[in-house]
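[1] Requesting a structural model of the entry that follows:
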Amino acid sequence: MAEVSSVVAVVSKRVPWNKGKIVGAKPPLRPKHVWSIRTKLQVEGRVRDLALFNLAIDSKLRGCDVVALRVDDIAPSGYAADRANVRQKKTGRPVKFELTEATRQAVDDYLRATGKRLGDCLFTGRRGSNVSLTTRQYARLLGEWIASVGLDLHLFGTHSLRRTKATLIYRRTGNLRAVQLLLGHTKIESTVRYLGIEVDDALAIAEQVDV
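    Presented below is the predicted three-dimensional model:
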């Protein structure tokens with residue numbers, strides 16, 4: 001009986017893994033936050049980080065796919081392309097995305113500064129000249145960017161960058177199918193949950209359509 005009591009006492013003292021942590025979906029960045037981070041990285045001359053940040057926003061890729069990018073994926077001709085096609089690790093399905101002019105310029109500046117060639121990992125860290133960043137390193141960098149503009153780094157994560165442009169596109173167009181394709185979701189229900197769409201959102205869109 002004493003042994004059982006001691007086991008219960010030990011179990012009761014265990015701290016929940018999420019105690020003190022904010023759980024659930026991380027919110028997207030607002031446009032003003034995007035521009036604040038982008039401007040700060042430009043002023044500080046952080047060429048790699050600017051290219052990484054811009055590309056993460058435009059591509060809407062998961063963190064594991066962002067860090068796995070190679071020069072061939074983004075700049076097959078030596079310069080950043082207008083559009084790219086990447087196969088997602090999670091689903092194995094290809095997804096296409098656009099690169100804005102600001103992103104193309106940032107990537108081209110980064111490629112010139114580093115001398116990277118076709119076949120090289122696009123974003124590398126301290127482990128070697130051709131060893132890609134890890135998702136943990138990517139998350140730490142994001143934390144630095146977030147904190148540098150006065151935001152709470154605990155509120156945002158790498159998924160915040162994936163959600164940022166997708167959420168903005170949905171709010172401006174109400175086109176779920178387009179967002180589904182851009183995120184590479186296999187089911188529209190996944191996109192609805194991902195964007196946190198509520199019944200009121202759906203009704204607001206419906207009210208704009210007359211038959």
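
[2] which residue ranges form the helices in this protein?
    Taking DSSP state H, the helices of the chain run over residues 2-13, 31-43, 47-59, 63-67, 71-74, 101-114, 135-148, 158-173, 176-183, 188-195, 199-206.

[3] now, of these, which is deepest in the fold?
    Most buried of the helices of the chain, by mean neighbour count (mean count of other CB atoms under 10 Å): helix 47-59, with a mean of 23. For the C-beta atoms, the positions are set from N, CA and C on the backbone; glycine is no exception.

[4] Low-confidence stretches in this structure?
    1-24, 128-129, 197-211 (pLDDT under 70).

[5] again, only using 80
    1-25, 125-130, 194, 196-211 (pLDDT under 80).

[6] before we move on, the earlier item: go through the helices of the chain and name the closest to R87.
    Minimum separation from R87 across these (CB to CB) falls at helix 63-67, 8.5 Å.

[7] Who does T124 form a beta bridge with?
    Note on T124: beta-bridge partners S132, judged by DSSP bridges.

[8] Might you report the residue contacts of the closest residue in space to I188 that isn't next to it in sequence?
    Closest residue in space to I188, ignoring its immediate chain neighbours: Q180 at 5.4 Å, by CB to CB, 6 or more residues apart in numbering. Taking CB atoms under 8 Å, 6 or more residues apart in numbering as the contact definition, Q180 lies against K187, I188, S190, T191.

[9] mind putting those residues in CSV, distance to V34 included?
    Putting these into CSV (distance: CB to CB, whole Å) gives the following:
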residue, distance to V34
K187, 28
I188, 26
S190, 24
T191, 21
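
[10] What is the nearest of these to G150?
    Closest approach between the contacts of Q180 and G150, by CB to CB: T191, at 31.0 Å.

[11] If anything else comes up later, I'll come back, but that's it for now.
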